[in-house]
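[1] from the sequence below, what's the structure:
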Amino acid sequence: MTKELKQRSGTTLVELERTLEAKKRENGALQADRETRIWDYESTLETIRRKKHDKENASERMRREMQQLEQELSIRQSAIDTKKKQLEMIQLERAKGREAVMRERQSVQTMRRTVLEERRRQRRQWIHRIEEIETKVPEQVRRLAEERKEKCEQATSKRSRSICRGSFFLKTFLSVRRRRTSFEANLTRSSRKKNRRTWPGLRRNRPARRGWNGDSRFSDGVCLMVTWRRKMKNRMTPRQRNTTSVLLWIRC
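    Numbers count the residues shown, from 1 in each chain. Prediction:
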C-alpha cells in the first residue's frame, strides 16, 4: 500500500513525516497565537470594563453632586423669595406708615391752623377790649378829677394810688398790645418760612431764637423772661408783678 502511494503521489514516507511535523509546528504556532490574541482580548475587555465602571461611578458621583447643588440652589432661591416677600411687606408697611404720617400731618396742620385762628380771634377780642378800656378809663379818671375839683375835695392817698395803678395798667396794656402785634407778625412770617419748600442742600441749621440777653423765652407771642427782667429793673411791687404776669399769661 505504501508502495502504491509512493507510485501515485511520487513522495516518500520521510517527506510525509516532514510535512506532518511542519503542519504540527504551524498548528502549534497558530494555537499559541490564538491564545495570545484571546489573552489580549480578555485584558482589553477587562480594561474597558474597568474604565466603564469608573465612568459610571464618576457619573453617579456627579449626579449626586448635581442633586445636592440643585437642593442648595432651591433652598437659596426659597430664602431669596422669602427675603423679597419680607422686603415687599416692609416697603408696604413703610408706605402705609408714610401715608398715615402724611394724613396725621395734614390733620395736625389743620388743627394747628384752627388753633392759631382761634388764638388770633381771641387776641383781637382782647385787643378790642383793651382799646375800649383805653378809651373809657381816661374819661372816667377825667370825670372823677372834674367832680373832685367841683366839690373841692382833696385827693386821698388811696385814690391817688388807684389812679396811678390805673395809668400803669393802661401803659402795660398798650405795651402788651404793641408786643403782641409785633409777635403776631413775626409768627406769621416764621410760619410762611416754614411752609416754604427748600432744597436739602440749602437747608441750614439755624440757631435758636434768642432775646437781648441770649436767654429769653417766648410763650404765645410774649417774651416772658425779658418782661420779668424789666419788672425787676423797674423795682415793681409783688402785687404789680403778679398783676402784670396774669395779663401777660392771657392766652390770646
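[2] what's in contact with stretch 37-48?
    Residues outside stretch 37-48 that contact it (C-beta atoms under 8 Å, 6 or more residues apart in numbering): none. Just so you know, the C-beta spots here come from the backbone N, C-alpha and C atoms, and that holds for glycine as well.
[3] tell me the mean pLDDT over that stretch?
    Summarised as a single mean, pLDDT over stretch 37-48 is 93.
[4] can I get the CA coordinates of that stretch in CSV?
    Only the C-alpha atoms of stretch 37-48 are listed here, as CSV (Å, rounded to 0.1, in the frame of the first residue of the first chain):
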residue,chain,number,x,y,z
ARG,A,37,-4.9,37.0,21.0
ILE,A,38,-7.5,35.7,23.4
TRP,A,39,-5.5,36.9,26.4
ASP,A,40,-5.0,40.3,24.8
TYR,A,41,-8.7,40.5,24.0
GLU,A,42,-9.7,39.5,27.6
SER,A,43,-7.2,42.0,29.1
THR,A,44,-8.5,44.7,26.8
LEU,A,45,-12.1,43.8,27.6
GLU,A,46,-11.2,43.9,31.4
THR,A,47,-9.7,47.3,30.9
ILE,A,48,-12.7,48.6,29.0
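[5] quick one, helices of the stretch 1-150 of the chain?
    2-9, 13-151 (DSSP state H, counting those that start in this stretch).
[6] mean pLDDT lowest where, among the ones you listed?
    Ranked by mean pLDDT, the helices of the stretch 1-150 of the chain end with helix 2-9 at the bottom, a mean of 60.
[7] re the thing from before, dump the helices of the stretch 1-150 of the chain to CSV, plus mean neighbour count.
    Shown next, in CSV, are these (neighbours: other C-beta atoms under 10 Å):
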stretch, mean neighbour count
helix 2-9, 10
helix 13-151, 11
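[8] what about E99, distance to K85?
    21 Å (C-beta to C-beta, to the nearest Å).
[9] again but with R94, I slipped
    R94 sits 15 Å away from K85, going by C-beta to C-beta.
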